[in-house]
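1. sequence unknown, structure follows:
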């Protein structure tokens, strides 16, 4: 959840209002939420894999 919230916070800093039509604001917000979920999920998987690989790396030298 942390990475999803962090990604959503970062995406909100981008200026999407310049390319979105006024009558399509709710749809654009929904897309931003889905993009934040997708990116946040992938970032969290990356960090979990990184921690797992670091944990496994210790056993190589022992």
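-> Done, it's in. Keep in mind that this is a model prediction, so the values were computed, not measured.

2. what distance separates the longest helix along the chain from the centre of its chain?
-> For the chain, the helix with the greatest residue count under DSSP state H is helix 25-60. In terms of C-alpha atoms, centre = their mean, to the nearest Å, the gap separating the centre of helix 25-60 from the centre of its chain is 6 Å.

3. by contact count, what packs against it?
-> helix 2-12 (3 or more C-beta pairs under 8 Å, 6 or more residues apart in numbering; DSSP states H and E). No exception for glycine: its C-beta is placed from N, CA and C like everyone else's.

4. so which residues make contact with the helix it packs on?
-> Here helix 2-12 makes contact (C-beta atoms under 8 Å, 6 or more residues apart in numbering) with 32-33, 35-37, 39-41, 43-44, 47.

5. of those, which is the nearest to residue 18?
-> Closest approach to residue 18 among the contacts of helix 2-12 (C-beta to C-beta): residue 32, at 14.1 Å.

6. could you find the closest non-adjacent residue to the residue nearest in space to the middle of the chain?
-> Taking C-alpha atoms, centre = their mean, the centroid of the chain lies closest to residue 40, which sits 2.2 Å from it. Spatial nearest neighbour of residue 40, chain neighbours left out: residue 4 (3.3 Å); criterion: C-beta to C-beta, 6 or more residues apart in numbering.

7. what pLDDT does that neighbour get?
-> For residue 4, the pLDDT comes out at 93.

8. try residue 24
-> 88.

9. ok, residue 17 next?
-> Per-residue pLDDT puts residue 17 at 77.

10. ok, the one 4 residues further on next?
-> You'll see residue 21 listed with a pLDDT of 85.

11. re earlier: now the angle between helix 2-12 and the longest helix of the chain, please.
-> Per axes from the mean of the first three to the mean of the last three C-alpha atoms, to 10 degrees, the angle that helix 25-60 makes with helix 2-12 is 140 degrees.
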